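> I'll drop the sequence and a predicted model, then ask my questions.
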Amino acid sequence: MHEFSIAEAVLRSAIDVAEAHGRHPVKAVRVQIGRMRQIVPDALAFAYEALSADTMAAGSRLDCVEIPLQVRCRECQCVFEPDEVFWTCPGCSSLEGDVIAGEELILESVVLEDGEG
Amino acid sequence: MEIHVVQKILKANDEIGQTLRERFHAAGTTTINLMSAPGSGKTSLLEATIRSLGLELRIAVVEGDPDTTRDAERIAPLGVPVTQINTAGGCHLEAHLVQRAIAGFDLESLDLLFIENVGNLVCPAEFDLGETKRVALMSVPEGHDKPAKYSKLFRKVDLVVLNKVDLLPYVDFDLGQLRCDLAKLNPSLRLIQVSCRTGEGLPEWYQWLCDLVSGP
């Protein structure tokens, strides 16, 4: 359940943003979660909801954008999305690849209440 | 009003992790983040290591557990500095907890610092603690399939130590399959087989540590 630690960090950042922008209440928060980060979006949303109660972000929505895992083969440089534990390059069968997407854990944006959208 | 932020969620942890890494480096302290499932023998491995290398190397330990000071109580009689972190149910260590735990240590007088993470093969992989190397410990009774099941942690470690190999004759543990899975996850990953109970294989682990401390 490291989702609570992640949710706590998201909430802290969202409140920092709100405080830096006129202390308007937080309406929504959007995060990018890479598949490699082992985050369960429902667990993250639950933790966020629980932690944000009685803060400037109470009742705000947490939107998770899941980023698929993408690996670049070190041998033939082809980029693929592994759907298994072991990353076998579909081009040359090499097992050696580098993650080029899927490690994200990013706070993308914070929507504050002010009626401007 | 939508504010675009685009910042790392674990920025605070990563920054403290980096600060710790710089402090360890400046002090010349090699730091090991030891991760495993509960009951693999992390504390037993540390006890054996301190008994064997304690005169040669100046060692300290940070113990991480959800509750109790039992691990620290096992390490303390060996005469090395030890701090227990209780995470109060938390399933992993974070950099700020380590920062607090080492506040009383004189890093300059230490060669080797072990951070024994909370027993868990998922969450600890996500948090940088400023360590020099990450070591995964597994044990024979857990089964050979753990690296495949918990691949994300095993992809991020520098060494795998397999403990309790004295039990190999008695259980259905497929060492060949383990080697094959580890090679598929990380072809350069080294496996050291030990038994903290019989002492088998431990010299190879000690050598790995000594080489690490003495540097390239």
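Thanks, I have it. Residues are numbered from 1 along each chain as shown, chains lettered A, B, ... in the order given.

> Residue of chain A nearest chain B, please.
Residue nearest to chain B within chain A: A:His2 (3.8 Å; CB to the nearest CB). (C-beta placed from N, C-alpha, C; glycine too.)

> Okay, now the unreliable bits of chain A?
The model of chain A has pLDDT under 70 over residues A:115-117.

> give me the number of residues near the residue of chain A closest to chain B?
25 (other CB atoms under 10 Å in any protein chain shown).

> try B:Arg100
With other CB under 10 Å as criterion, B:Arg100 counts 12.

> neighbouring contacts of the lengthiest helix in chain B?
Using DSSP state H to define each element, chain B has its longest helix at helix B:11-27. If you take CB atoms under 8 Å, 6 or more residues apart in numbering or on different chains as the criterion, helix B:11-27 is touched by A:9, A:12-13, B:8, B:30-31, B:94-96, B:98-99, B:102, B:107-108, B:110, B:113, B:127-132.

> Identify each buried residue in it, please.
Using 16 or more other CB atoms under 10 Å in any protein chain shown as the test for burial, helix B:11-27 gives B:Ala12, B:Asn13, B:Asp14, B:Ile16, B:Gly17, B:Leu20, B:Arg21, B:Phe24, B:Ala27.

> anything in stretch A:43-56 sitting right up against chain B?
No - remark: stretch A:43-56 sits outside contact range of chain B, by CB under 8 Å from any CB of the partner chain, the gap being at least 10.1 Å.

> In chain B, which residue sits nearest chain A?
When scored by CB to the nearest CB, chain B has B:Cys123 as its residue closest to chain A, at 3.8 Å.

> Run a quick neighbour tally on residue 75.
Defaulting to chain A. Neighbours around A:Glu75, by other CB under 10 Å: 13.

> Correction: the question concerned chain B.
Neighbour tally, B:Ile75, other CB under 10 Å: 24.

> Surely it is within a helix?
Yes - the assignment for B:Ile75 is a helix, going by DSSP: H, G, I helix; E, B strand; the rest coil.

> How about the contacts made by it?
Counted by CB under 8 Å, 6+ apart, B:Ile75 has contacts B:Thr43, B:Leu46, B:Glu47, B:Ile50, B:Val61, B:Glu63, B:Val82.

> if I pick the residue sitting nearest the centre point of chain B, what's in contact with it?
What sits nearest the mean C-alpha location of chain B, by CA atoms, centre = their mean, is B:Leu34, with 0.6 Å. Taking CB under 8 Å, 6+ apart, we find B:Leu34 in contact with B:Lys42, B:Leu45, B:Leu46, B:Phe114, B:Ile115, B:Glu116, B:Asn117, B:Val135, B:Leu137.

> That'll do, ta.
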